[in-house]
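[1] sequence first, predicted model second:
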Amino acid sequence: MIYNNGGLSPSNEEVKNFTSFSRVVDITNSKAVKRWLFSISIILLVFVMLPWTQNIRGRGYLTSLRPDQRPQTIPSVIPGRIEKWYVREGDLVQKGDTIMFISEVKDEYFDPNLLANVDNQIKNKESSVGSYMQKVSALDTQIDALNKNRELKLQQQLVKIQQSKLKVTCDSTDLKAATANLKVAEEQINRFKELFSKDLISETELEQREVNVQNTRAKAIEVENKLLIARQELINAKTESNTLKADFADKIAKAESEKFSSMSAMYDTEAQVTKLQNSYANYSTRNGLYYILSPQQGYITKAIKSGIGQTIKDGEDIVTIMPASYDLAVELYVEPMDLPLLKVGENVRFIFDGWPVFVFSGWPGASFGTFGGKVAAIDNFISENGKYRVLVAQDPEEDPWPSGLRVGAGADGIALLNDVPIWYELWRQFNGFPPDFYIAKNRFDKRPGFNKEEKKK
């Protein structure tokens, strides 16, 4: 297009004829625009000076505050085969209600008379224990009788030894007398021989004296023989006493050995009785484990093993149950960098999945649809996901959590920290600094075990 000025660009007069040009306003010297810019600057300045609540965000799931109120699985204590179900998924069961019945799969428990047979074995073994006790008692009586008989025999033998000693003493005295008479007779015969040599006595008298000497010598020999016999009898009496002691010691030792053998057999039988009683108790308890019972009141949520005739192992999970009553809490996971900022009793705001919410994380008072909580416990060991687990319970001073919440639902947690200006929070976020770590002055007295000396430190 060629304009009136002969060029390709329109002149100023020609530009004024365009409709779009009439709508363009020259703002170079507009006072209204300056007022608008000044007002916006003031508003922005006021805005960045507003307080902002620092917070830590974390994702978690609803759980129960107490471990016994959380979902659990019910295992089978013994292996078996599923025979019958008594519940369905979603049923409410009470503590002790029967969930299913299983039958035995191990051949050592197939005997229907197992308990009766074991009970008979226990009775027989107990009778054996009684017999051994009677035998031990009889052997004790026998040992007592042997001890008494030994004392009696030893006393009799002691009397015999005393008698032998007295006889030896008596015979020794007789031997001394006979020896003295023999000496006297020999001296007399010598004198008589001198008298006979002088013809003072007759030969007949001499012969009589010689006969008398021979008789005296024979009597002395006889007395000596008696003494030897008495001494031999004393030796025999002492030997017999030792033999008697050894004989009774042997008999008593044999009786005591048999007694100890009987006691050993009795103790062994008692151990067998105890073992059989233990087996009986185990079998009796096992019979009660064929019925799987509910450990608490709750709802059957899922059957892990379901088929009739399906075999299960000992300790294998059969069904899951959710307790009917529970105290809700949130299992929240936070970054390791944020963990030092959290303490037990810290306030937390939650956004539950499925519930309408309008949230300003920095202005919790202006948020809608959030619910309050307090930190109840903090793990000291990191979880498998690389974060620390924090357990948060309901805040009793806040509105109660919705009744429709269920364990396992998701939740976003906002842990409230220090109040700072917005400009500081923007500066911190821009530089990647963590939130402020502080302890308010009014918290010192509330911490358990904290005193004024610790506060000064």
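    Everything's here; your move.

[2] from V348, how far off is the closest residue to W401 other than its chain neighbours?
    In space, and not counting its chain neighbours, W401 is closest to F371: 5.2 Å by C-beta to C-beta, 6 or more residues apart in numbering. Every residue, glycine included, has its C-beta placed from N, CA and C. Distance, F371 to V348, using C-beta to C-beta, to the nearest Å: 9 Å.

[3] what's the answer for Q277, then?
    57 Å.

[4] which of these two has more neighbours?
    The neighbour count for Q277 versus V348, taken as other C-beta atoms under 10 Å, is higher for V348 (26 against 16).

[5] sec struct for that one, please.
    strand (DSSP: H, G, I helix; E, B strand; the rest coil).

[6] pretty sure it contacts L416?
    Yes: under the criterion of C-beta atoms under 8 Å, V348 makes contact with L416 at 7.1 Å.

[7] re earlier: so the residue nearest to W401 sits against E397, correct?
    No: if you go by C-beta under 8 Å, F371 and E397 don't touch, sitting 12.0 Å apart.

[8] which one's more surrounded, the two?
    F371 (21 against 8).

[9] residue contacts, the more buried one?
    Taking C-beta atoms under 8 Å, 6 or more residues apart in numbering, we find F371 in contact with R349, F350, F352, Q394, E398, D399, W401, P402.

[10] just the buried ones from those?
    Those of the contacts of F371 that meet the buried threshold are R349, F350, F352, Q394, W401, by 16 or more other C-beta atoms under 10 Å.

[11] what bridges to the second one?
    Read it as F350. When assigned by DSSP bridges, F350 has beta-bridge partners F371, G413.

[12] next one: the fourth one
    Per DSSP bridges, the residues bridged to Q394 are G373.

[13] does it really touch A329, like I thought?
    Yes: between Q394 and A329 there is a contact at 7.5 Å, judged by C-beta under 8 Å.

[14] now for these two: what residues contact both?
    With C-beta under 8 Å, 6+ apart as the test, Q394 and A329 both reach G373.

[15] okay, domains of the protein per the record?
    Domain assignment for the chain by automatic domain parsing gives 1-48, 54-69+326-456, 72-104+290-322, 114-288.

[16] just the strands from the stretch 101-250 of the chain, written as ranges.
    Using DSSP state E, counting those that start in this stretch, the strands of the stretch 101-250 of the chain do not appear at all; there are none.

[17] in it, which ranges drop under the pLDDT threshold?
    Applying pLDDT under 70 to the stretch 101-250 of the chain picks out residues 200-201.

[18] please report how far M49 lies from R217.
    157 Å.

[19] so what's the residue count around L146?
    Neighbours around L146, by other C-beta under 10 Å: 18.

[20] from K153, how far off is it?
    For L146, the distance to K153 - C-beta to C-beta - is 10 Å.

[21] what's the overlap in contacts for those two?
    F248.

[22] now the helices: where do they sit in the chain?
    In the chain, the helices defined using DSSP state H lie at 12-15, 19-22, 31-48, 114-197, 203-288, 422-431, 452-456.

[23] so E331 sits against A393, correct?
    No: assessed by C-beta under 8 Å, E331 is found out of contact with A393, at 11.0 Å.

[24] burial measure for V105, as a count.
    V105, neighbours per other C-beta under 10 Å, totals 14.

[25] which residue is the nearest non-sequential neighbour of T73?
    Nearest to T73 is D317, by C-beta to C-beta, 6+ apart, at 4.0 Å.

[26] count the residues that sit near that neighbour.
    Residues contacting D317 under the criterion other C-beta under 10 Å number 14.

[27] tell me the bridge partners for it.
    Beta-bridge partners, per DSSP bridges, of D317: P75.

[28] that one and K84, how far apart?
    Using C-beta to C-beta, which is the criterion applied here, D317 is 19 Å from K84.

[29] in the chain, what residue sits furthest out from the centroid?
    D199 (123.8 Å; C-alpha atoms, centre = their mean).

[30] returning to what we had before: more neighbours: M49 and R217, which one.
    R217 (16 against 11).

[31] wouldn't that one be in contact with L182 here?
    Yes: with contact defined as C-beta under 8 Å, R217 counts as touching L182 (5.4 Å).

[32] would you mind naming the residues that bridge with the nearest residue to D338 once chain neighbours are set aside?
    Nearest residue to D338, sequence neighbours excluded (C-beta to C-beta, 6+ apart): I56, at 4.5 Å. Beta-bridge pairing for I56 (DSSP bridges): A415.
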